[in-house]
Each structure stands twice: as structure tokens, then as C-alpha cells.
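Engineer: A structural model of the following input is requested.
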Amino acid sequence: MYQRKIESLLQQWKDQHKHKPLVIKGVRQCGKTSSVLEFAQKNYEHVIYLNFHEKKTYKAFFAGDLDVETLTTNIALGIIGTQFVPGKTCLVFDEIQDCPRARSSLKFFCLDGRYDVLCTGSLLGVNGYKTKEEQQEEEEASIPVGFEEIVHMYPMDFEEWLWANGIRAEHIDILRQHLAEEKPLNEAFHNRFRQLLLQYVFIGGMPEAVAKFLTTHNMGETRKVQLAIIDSYESDMIKYAPSADKPRIRECFESIPKQLARDYKKFTYTVVRPQAKGRDYAGSLQWIEDAGIIHRCYNTEITELPLEGVAIRDQFKVYMADSGLLVSMLEEGTAWSIMQGDLGAYKGAVYESLIADIFGKMGRKLYYFHKDSGLEIDFLMRYKGECVLVECKARTGNAKSMRTVLAHPEKYHVSHAIKIGDYNVGRDGPLLTIPFYMAFLLKEV
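Structural biologist: Model prediction:
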């Protein structure tokens, strides 16, 4: 089991006085269940685990009254050996979206306060996930607004990947210091982090893929794990999506590499299917986003804060939420090219997807800037209280659009930019250059 950031969040939750039941949302196979169970087993004498996806019969525990006495009696009778001890028992509701009444019960567990409840959900809020009977059950159940705390969990981010490879806090502190002082790292240090970054590009953060690579160091075996995850996502699309949308959802999903291979990577429905209309496919793309599989990156009208307020909702790029899964969808051999430092494959797709992965897992919303004149900035972000340009470039990239914007502060109201690439740290006037592996440190807002 690798160290995950959710562990500290879980501890903070437990340490709060009178904490509410906690619901952890996240894409399938990002490590929610294993993290929650490990935490519960370390911190409670009694752990009661109910997986509603695997055992539909558990739903019967919640079919009647939802008061805590009734529920604990039902569970104790249904699961041999179960013990409920106030202050020492944690219930884990896994895939809680499969039992809407279990989610409704969180209100009563919250008010009662004797037992802690941890929940996971992969497809919470995804339209069309239920059968007709389950949809009716969900409509009749109530979401316990105000009686639950919801947090998002992502696949392993780059910092967690560093931890898994033995990089310690003091090493990351050195990176922070060099970023703060804007001075280059020594070559040996730089090359080690560069190598780890290149591996992360094609491995990504799905825990099973990470474990496979760190155990075998075999890219082919790692890719098999990733393709199995992709297959499971597509199976969900077929199994759980609304019948009319099933083929459209899959078409949107499978078009992502083609969308990103274009010079202008704006998501275009005619790339999904010729003559396709947005009104026919918008819901299908929304389904994929709600499932946590992708991140959208919105174009903006101007380069000013707040970015949310100037976003253009019908102009956006789509990135996979995990860079490793994107690479696995590309042709075989791409991972080898990446390891050789050939990140130019698929033009800017791999570069931009890497930064979208890093920013997305930081919880940043994604924005870019594009004009019909050809001016385009890969990303915009709030950093140190300003709107800052972010470009992802190869070593030879000249960032022409970035320099154009910086040269006209009276028009674009931007005075700082960051170029991220296969470089060391440096500064040229308003332009800060950093290596890819430092992008996860751009946290100041």
C-alpha cells in the first residue's frame, strides 16, 4: 500500500469533534476502497464493511426504518460477528451509489453520533447509472444535505508517485527552495527527477498500474493493466449509461486521442462523428466527465481574473484525468518513445495532458486562451493573486503566443508567465522557466 494524501485528510476528519459521515468520490480504481479500509482498520477496533456493488443483498438492511437502532440490529443479524461499540466502530459503505437509502441513513448516523461512517462512490451523480427500479428508489430516497461531508479523491498524483519511489520530504523541500529562489538544480538531482517524470507520463497514477510497474519494471505488463482499466470504463458506459446514449458516450471517449492530436485541441463533435451536433452529444460527454474520467479545460474571453467568470462554456478541450491512461490509448510503443525523451510524439498532446493531469489532481479548474488569429496559450491559472500564462513546450519551443501577450500588458493585463518543459529552472524577465517535474509545486493562489 502506497502513501496517499487522502490519509492525512481522513485523520483530520477523525480528529474533528462531532464529525459528519464522510463520502469520498472518485473515478473507479483510483484507490478509494483500499485507502479507506486501511485507515479504518488502523484506527478502529471494529470495522463493518458493506460493499453494495458486490452484494446487492446488503440493500435489504436499509429497506425499512432508517433509525440507527434498527439499522445496527439489521446489520448485526445479517453479518455474523459484527459488533457495534460506540466510539470504537466504523462502518464502511463501499459504492454507496448502489444503495440510495444507505446514503439517506447518513443523516441519522450523523445525528446519533455513536458510530463513524466512511463511504466511497464511483458514479455518484452520473445520469442514467440506475435501472428504472433503482432510479425510482433513488428518487424516493433523500440526499442527506448538511449531514455528510464530501471530498474528491483522484488517482495518485505526481507527488504521491515520488513518495512511492522513495523520494522523501526533504528532497521535495529542495525543489521548493529552488523554485522559490528561481535557481537551477544540479545536474544529478535534475536528471533523477526528470527520469521519474518521464515514467509518470506513461504510468500515471492508477494504483494498480503503479504497483505493476514498480514490481516488474515492465512497460508492456503495465500497459495491460491500463488497458484493462480502460475496458472497465467502457463496460460501465455500456452497462450503466442511458440506452440512447451508450454508443455516443463510447464514441466521445474513444475520440479523445484524436481530439488532442490536432493543432488546435478544442473538442469538436465532428471529430467524434462527421456531421455530429453538439446538442446530440453534449450529454454523452457530460456522462464521462461526471464519472471522473476526464477534465474539461475552458477557453476564456480575456486573460483576467476571475477565470471562472470569463470562461466560454461551449469552447473547451478535453483531457484524460490520468496521463497514463491517455498514453495507453495511443499506439503501442508510445511509452518507449516517452522513456527515450521523445515527448514530441502526438505533437503537444502528451505535454498538455501531463500538465492537465498535474493541475487537475491538485484540484485546479483548467482554462486556456485562444483567438481565431492563432494566438493560443496552453493554460491560464491564478497564481500569487494574478492571472498567469502557462505554456508547455519542448526544449526548442519558442512560446511565440506567450511573448506576444507579455509584450502588450495594456491589452491583455498579464505581467507574468511560466514556461514548463524539459528544462532546468531559470528566468528571463517576466518569464519563469521550470521543468515539468516542478509543476505540482505551483500551488499558491
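Engineer: average pLDDT for the strand or helix carrying N191?
Structural biologist: Using DSSP states H and E, the element containing N191 is helix 187-203. Confidence for helix 187-203, expressed as mean pLDDT, is 95.
Engineer: tell me what it is packed against?
Structural biologist: With contacts taken as 3 or more CB pairs under 8 Å, 6 or more residues apart in numbering; DSSP states H and E, helix 187-203 sits against helix 158-164, helix 207-216, helix 219-240, helix 323-329, helix 334-339, helix 349-361, strand 431-435. Quick note: C-beta positions are derived from backbone N, CA and C, even for glycine.
Engineer: Apply 10 Å and report the result again.
Structural biologist: helix 158-164, helix 169-181, helix 207-216, helix 219-240, helix 323-329, helix 334-339, helix 349-361, strand 431-435 (3 or more CB pairs under 10 Å, 6 or more residues apart in numbering; DSSP states H and E).
Engineer: Any buried residues in that helix, and which?
Structural biologist: Buried positions in helix 187-203, judged by neighbour count with 16 or more other CB atoms under 10 Å: 190, 193-194, 196-203.
Engineer: just checking, E45 touches T89?
Structural biologist: Yes: contact between E45 and T89 holds when scored by CB atoms under 10 Å: they sit 7.3 Å apart.
Engineer: tell me, what's touching those two both at once?
Structural biologist: Contact criterion CB atoms under 10 Å, 6 or more residues apart in numbering; residues shared by E45 and T89: Q83.
Engineer: Looking at the two, which one has more neighbours?
Structural biologist: Counted by other CB atoms under 10 Å, E45 and T89 do not tie: T89 has more neighbours, with 20 against 11.
Engineer: Now do the same contact list for the spatially most central residue of the chain.
Structural biologist: Centroid-nearest residue in the chain, with CA atoms, centre = their mean: Y154, separated by 3.9 Å. Taking CB under 10 Å, 6+ apart, we find Y154 in contact with 4-6, 26-27, 30-31, 160, 205, 292, 295, 321-322, 357, 360-363.
Engineer: Can you pull out the low-pLDDT segments for the protein?
Structural biologist: 125-141, 339, 341-347, 394-397, 445 (pLDDT under 70).
Engineer: Quick check: the gap between the residue nearest to the centre of the chain and L325.
Structural biologist: 12 Å (CB to CB, to the nearest Å).
Engineer: Residues that sit against both of the two, list them.
Structural biologist: 27, 205, 357.
Engineer: for those, which one is nearest T303?
Structural biologist: T303 lies nearest to D357 out of the shared contacts of Y154 and L325, by CB to CB, at 23.2 Å.
Engineer: burial of that closest one, as a residue count?
Structural biologist: Neighbours around D357, by other CB under 10 Å: 29.
Engineer: Contacts only, for the nearest residue in space to it that is not next to it in sequence.
Structural biologist: Leaving aside its chain neighbours, D357 sits nearest to S323 (4.1 Å; criterion: CB to CB, 6 or more residues apart in numbering). S323 is in contact with 155, 158, 200-205, 338, 350, 352-358, 360-361, counting by CB under 10 Å, 6+ apart.
Engineer: Appreciated, that's everything.
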